[in-house]
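Trainee: task: produce atomic coordinates for the following.
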Amino acid sequence: METKKILVLGDSDSGKRTALKHVCNTLIETEAASYGKTTINTKKLQIFSPSSAERFKFMKEILSKNMDGAIIVIDNTQGITPNCEEMIDFVEERGVPYIIFANKQDLSDIPIYTQYPDAIIIPTQAISGKGISEGLNILLELMEPEYISKITAVSC
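Mentor: The predicted structure follows:
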């Protein structure tokens, strides 16, 4: 069984770790990053989330090596910040499938609009887990080889 690597990015207090707690069988949390493992639909996943603290910014680069997909968690009460745009650009530059969790829908359900036309935005509530599994399943579908080859064929 192949293992897939997913990177979870987001601003401080956007709900990254809370979302991971709904997905991972075990979650190891350190000051620099969180790491969890899980199996979904016979797919083994390793999920990494670097700290958004400035002093650990280098961890994003390290943890992104060989990633298969990404989740960007946005605090819906804040909207897409310049830092979020940098994270989206970071993932898009690497050419991996990604989704956006518009988190904290229980606090603000205003739709998020982006300048990224291909971005898939999933409304979530990390506290309750609402939308988290559904969003992860969408990402896994985007990571399937046949889906990636369709995208590549269209963009060539």
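Trainee: so which residues of this protein form strands?
Mentor: Assigned by DSSP state E, the chain shows strands spanning 3-10, 26-29, 33-40, 43-50, 69-75, 98-103, 121-123.
Trainee: of those, which approaches residue 137 most closely?
Mentor: strand 33-40 (7.1 Å; Cβ to Cβ). Any C-beta I mention is one placed from the backbone N, CA and C, and that applies to glycine too.
Trainee: what does that closest one rub up against?
Mentor: If you take Cβ atoms under 8 Å, 6 or more residues apart in numbering as the criterion, strand 33-40 is touched by 8, 16-17, 20, 23-28, 44-51, 56, 59, 63, 133, 136-137, 140.
Trainee: tell me the contacts of the residue nearest to residue 112 when sequence neighbours are not counted?
Mentor: Nearest residue to residue 112 in three dimensions, chain neighbours excluded: residue 102, at 4.7 Å (Cβ to Cβ, 6 or more residues apart in numbering). Residues counted as contacts of residue 102 (Cβ under 8 Å, 6+ apart) are 74, 76, 111-112, 121-124.
Trainee: quick check: beta-bridge partners of the residue minimising distance to the centre of the chain?
Mentor: Compute the mean C-alpha point of the chain, and by Cα atoms, centre = their mean the closest residue is residue 71, 1.0 Å away. Per DSSP bridges, the residues bridged to residue 71 are residue 8, residue 99.
Trainee: quick one: residue 117 and residue 79, what's the gap?
Mentor: Residue 117 sits 17 Å away from residue 79, going by Cβ to Cβ, to the nearest Å.
Trainee: who has more neighbours, the two?
Mentor: residue 79 (14 against 5; other Cβ atoms under 10 Å).
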